[in-house]
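*Asks:* Kindly return the folded structure for what I paste below:
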Amino acid sequence: MKIVKVETESVSLPLDEPAFDSTARWSEFNFLLVKVYTDEGIVGLSDIAPLHGKEMDIFEKIILGKLEQKIIGEDPYNIERIWAKMVGFGSEAYALGRSGAIITASSAIDVALWDIISKSFNTPLYNLLGGKFRDSIELYASFMGQPSVERIKDFVRNGFRGVKVKVGFDVKRDLEYVEKLRDELGYDFKLMLDGNQGYTIEDAKFFAKKVEDFEISWFEEPLNVYNFKGLKSLSRSTIIPIALGENYYIINDFLKVMEENIAMIVQPDINHAGGLTQVRKISSLAESYDIKLAPHLHSIIGFMIGLHVLTASPNGYIAEYPVYGKKWNARDQILEKCLVIDNGAAKIVSRKGIGVEEKYFNL
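*Replies:* As a prediction, the model looks like this:
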């Protein structure tokens, strides 16, 4: 089997209300759909998202202007060689480096190749990763902003075992919000807090100490993710586990926070962390350090990849289910064709590949 062509398609799905965190605000769910074709008629799919500033054209140029020429004629089974060719080493990587946009673009190709391989075996992707360690994956509702108590209550009532909300805005405001959630909703669900790198080290330490009694399952990206010294100091000052990973690339940064016992939960994003080829290695590394795996899952196909990884990984913890807007939107309509959600847990329904078909995007 040989790779013969790569295509991309830009998609924007409107949100019924703006989404926001401590650093950004957006009103559309933008993504790039990537399709890799083979001479045997098998097509692999992947996506790059979310692209808040509609940066789809940047990734199109990297994929079609640089990566496609490196992979045409390759056998998609040669996954490690293809990944190395795309990312490059030494002078080969001089122009675009080995992090940032080039890794994101390479990750998309990598995911599409895994889709091709698992389709060629006519089996779900998780079977290529070791089969089922678990039959279903616990979900948590990941909100964009600080939703009302009633909005969160809807998800808890429907069986979601965890909820994540945004902090990192203002310490006083954030403290009042977290206290309100626990006072009105109780403690029968996991509560995660995402700072999106919005705090200083001083504010993060103060805030963490104040919310320790509210049984916080993790404190995510409390400050600049490359402030390793500050993150280490924070992790030593609080009983709340620190969660990191959505803004790290390939395996090196993950190794740093594992070796130094900074993060107790790692959150690689398939879009940024080198595709499945690297994320499965990050998962195994985390397992060896007894660290929980809870991938950052905001793209559509990336979400499904995360479920496959969590299905097969012994240290798989919980899956992020992003909540955009007030209504069941187009993104959710695509996902409901790929999985079953029952009592706050997801089951993959695919019989082969990742389980996402191109026709699902014809909304």
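
*Asks:* phi, psi of residue 166?
*Replies:* According to degrees, to the nearest 10, the main-chain angles of residue 166 amount to phi -90, psi 140.

*Asks:* Double-check it against residue 197; I have them as touching.
*Replies:* No: counting by CB atoms under 8 Å, residue 166 sits too far from residue 197 to count as a contact (11.5 Å). (Glycine included, C-beta is placed from N, CA and C.)

*Asks:* what about residue 111, neighbour count?
*Replies:* Neighbourhood size, residue 111 [other CB atoms under 10 Å]: 30.

*Asks:* That one: what's its closest spatial neighbour, skipping adjacent residues?
*Replies:* Nearest-residue entry for residue 111: residue 46, 3.7 Å, with adjacent residues in sequence omitted and distances by CB to CB, 6 or more residues apart in numbering.

*Asks:* mind pulling up the phi and psi values for the one you found?
*Replies:* When read as degrees, to the nearest 10, the backbone of residue 46 gives phi -160, psi 180.

*Asks:* who does it bridge with?
*Replies:* residue 34 (DSSP bridges).

*Asks:* Pull the contacting residues for it.
*Replies:* Contact partners of residue 46, counting by CB atoms under 8 Å, 6 or more residues apart in numbering, are 33-34, 36, 107-112, 115, 275, 301-302.

*Asks:* in this structure, what secondary structure element scores lowest on mean pLDDT?
*Replies:* Lowest by mean pLDDT, DSSP states H and E among the helices and strands of the chain is helix 330-335, with a mean of 83.

*Asks:* got the domain boundaries for this protein?
*Replies:* The chain breaks down into these domains under automatic domain parsing: 3-122, 126-361.

*Asks:* just to revisit the earlier point, next, work out how far apart the residue nearest to residue 111 and residue 183 are.
*Replies:* If you measure residue 46 against residue 183 using CB to CB, to the nearest Å, the figure is 43 Å.

*Asks:* List the buried residues of the least confident helix or strand of the chain.
*Replies:* 330, 331, 332, 334, 335 (16 or more other CB atoms under 10 Å).

*Asks:* any idea of the mean pLDDT for stretch 219-233?
*Replies:* The pLDDT scores in stretch 219-233 average 97.

*Asks:* when you give positions from now on, start the count at 304
*Replies:* Sure, I'll start counting at 304 from here, so that last one is stretch 522-536.

*Asks:* Now do the buried residues in it.
*Replies:* Result for stretch 522-536 [16+ other CB under 10 Å]: buried residues 522, 523, 524, 525, 526, 528, 530, 533, 534, 535.

*Asks:* can you check stretch 603-620 too?
*Replies:* 603-616, 618-620.

*Asks:* Then stretch 482-490?
*Replies:* Neighbour counts using 16+ other CB under 10 Å place 484, 488 of stretch 482-490 among the buried residues.

*Asks:* chain center to that stretch: distance?
*Replies:* From the chain centre to the centre of stretch 482-490 is a distance of 27 Å (CA atoms, centre = their mean, to the nearest Å).
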